[in-house]
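Visitor: okay, sequence plus prediction incoming.
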Amino acid sequence: MKRFRQFLGKKLDISKATDSEKLSKWNIKNRYAPEEPDDFDEFEFGIDYLGEQDVAFLVAIEKGQIARLLFGWTVPDNPDMMKPMKDADLAGLLEKRGSALTEFFDYITA
């Protein structure tokens, strides 16, 4: 996850983070975005890894800046839940989709 540390503390551009058409370039979907983010809030995205939108990742913001990133497996029968990823799974995701994720974070940060 060291590759994403550069995005911590950067301002999240909400209009870009919710632009479904542009996010589709990286096959990323916005699963949840608050209408008006609070001082501390979360955005949730989905991305394909082993299946369709099988990985969810949360982008927590504090006062508009990225404070934390969390990746996990989606739970098909309960979209509000995520299962933790093992280190090997996360490494595989980053190997396969890391470039797309980096481009995505470049795009949504100011």
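Guide: Good, I have the coordinates.
Visitor: grab the longest strand from the protein for me.
Guide: Criterion DSSP state E: the longest strand present in the chain is strand 65-74.
Visitor: in that one, what's buried?
Guide: 66-67, 69, 71-74 (16 or more other Cβ atoms under 10 Å). Heads up, the C-betas are built off the backbone N, CA and C, glycines and all.
Visitor: could those be laid out in JSON lines, adding pLDDT?
Guide: Output for the buried residues of strand 65-74, formatted as JSON lines (pLDDT from 0 to 100):
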{"residue": "I66", "pLDDT": "98"}
{"residue": "A67", "pLDDT": "97"}
{"residue": "L69", "pLDDT": "96"}
{"residue": "F71", "pLDDT": "95"}
{"residue": "G72", "pLDDT": "96"}
{"residue": "W73", "pLDDT": "96"}
{"residue": "T74", "pLDDT": "93"}
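Visitor: quick one, helices of this protein?
Guide: Assigned by DSSP state H, the chain shows helices spanning 14-17, 20-23, 87-108.
Visitor: okay, those in JSON lines with mean pLDDT and distance to V55 next?
Guide: Listed next are the helices of the chain as JSON lines, based on pLDDT from 0 to 100; distance: least, Cβ to Cβ, whole Å:
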{"stretch": "helix 14-17", "mean pLDDT": "96", "distance to V55": "17"}
{"stretch": "helix 20-23", "mean pLDDT": "96", "distance to V55": "14"}
{"stretch": "helix 87-108", "mean pLDDT": "96", "distance to V55": "6"}
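Visitor: now those in TSV, with distance to R3 and mean neighbour count?
Guide: TSV is the format used below for the helices of the chain (distance: least, Cβ to Cβ, whole Å; neighbours: other Cβ atoms under 10 Å):
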stretch	distance to R3	mean neighbour count
helix 14-17	19	15
helix 20-23	19	12
helix 87-108	6	16
